[in-house]
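Visitor: how would this look folded up:
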Amino acid sequence: MSLSVIYALIARDNKIILTDYTEYSGNFQQASLILLRKIPKNTKMQIDYPPYIVFCEEKDDVIYILIGGNIMQDVAFSFL
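Guide: Numbers count the residues shown, from 1 in each chain. Predicted coordinates:
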């Protein structure tokens, strides 16, 4: 199985983007800004948004977001 990381982001306090990365074109940055405001404290979640899967984790006011395809949940959260 090939792993496909489309977009990754790390932010603080739902509003300060510390870093993000993608090699692809698309509206991933805009979509992640909307997600940042909706992620509850101290949570891990997975959102299916075909053809992508969005993995989010919030821990100690730091939010990690990974948008990918063909990524198993345990691998994605290990990456985050």
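Visitor: now do the same contact list for residue 73.
Guide: For residue 73, the contact set (CB atoms under 8 Å, 6 or more residues apart in numbering) comprises 46, 55. All C-beta atoms are positioned from the backbone trio N, CA, C, and that covers glycine.
Visitor: repeat that for 10 Å
Guide: By CB atoms under 10 Å, 6 or more residues apart in numbering, the contact set of residue 73 is 44, 46, 53, 55.
Visitor: widest-spaced pair of those residues?
Guide: 44 and 53 (13.2 Å; CB to CB).
Visitor: who's more crowded, those two?
Guide: residue 53 (20 against 15; other CB atoms under 10 Å).
Visitor: now the helices: where do they sit in the protein?
Guide: For the chain, applying DSSP state H gives helices covering 28-36, 73-79.
Visitor: give the buried residues for the longest one.
Guide: This points to helix 28-36. By 16 or more other CB atoms under 10 Å, the buried positions in helix 28-36 come out as 28, 31-32, 35-36.
Visitor: with those in mind, which one is nearest to residue 21?
Guide: Using CB to CB, the buried residues of helix 28-36 come closest to residue 21 at residue 28, 9.9 Å.
Visitor: what's near enough to touch that closest one?
Guide: Residue 28 touches 6-9, 20-22, 52, 54, 65, 67, counting by CB under 10 Å, 6+ apart.
Visitor: now the buried members of the residues you listed.
Guide: For those, buried by 16+ other CB under 10 Å: 6-9, 52, 54, 65, 67.
Visitor: which residues of this protein fall in strands?
Guide: 4-12, 16-22, 43-49, 52-59, 62-69 (DSSP state E).
Visitor: give the buried residues for the third one.
Guide: Read that as strand 43-49. In strand 43-49, counting by 16+ other CB under 10 Å, buried: nothing.
Visitor: export that strand as CSV, just CAs?
Guide: Written as CSV, here are the backbone C-alpha positions of strand 43-49 (Å, rounded to 0.1, in the frame of the first residue of the first chain):
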residue,chain,number,x,y,z
THR,A,43,-9.0,15.1,20.8
LYS,A,44,-8.1,12.8,17.9
MET,A,45,-10.4,12.6,15.0
GLN,A,46,-10.7,11.3,11.5
ILE,A,47,-12.9,12.9,8.8
ASP,A,48,-13.7,11.0,5.6
TYR,A,49,-13.8,13.5,2.7
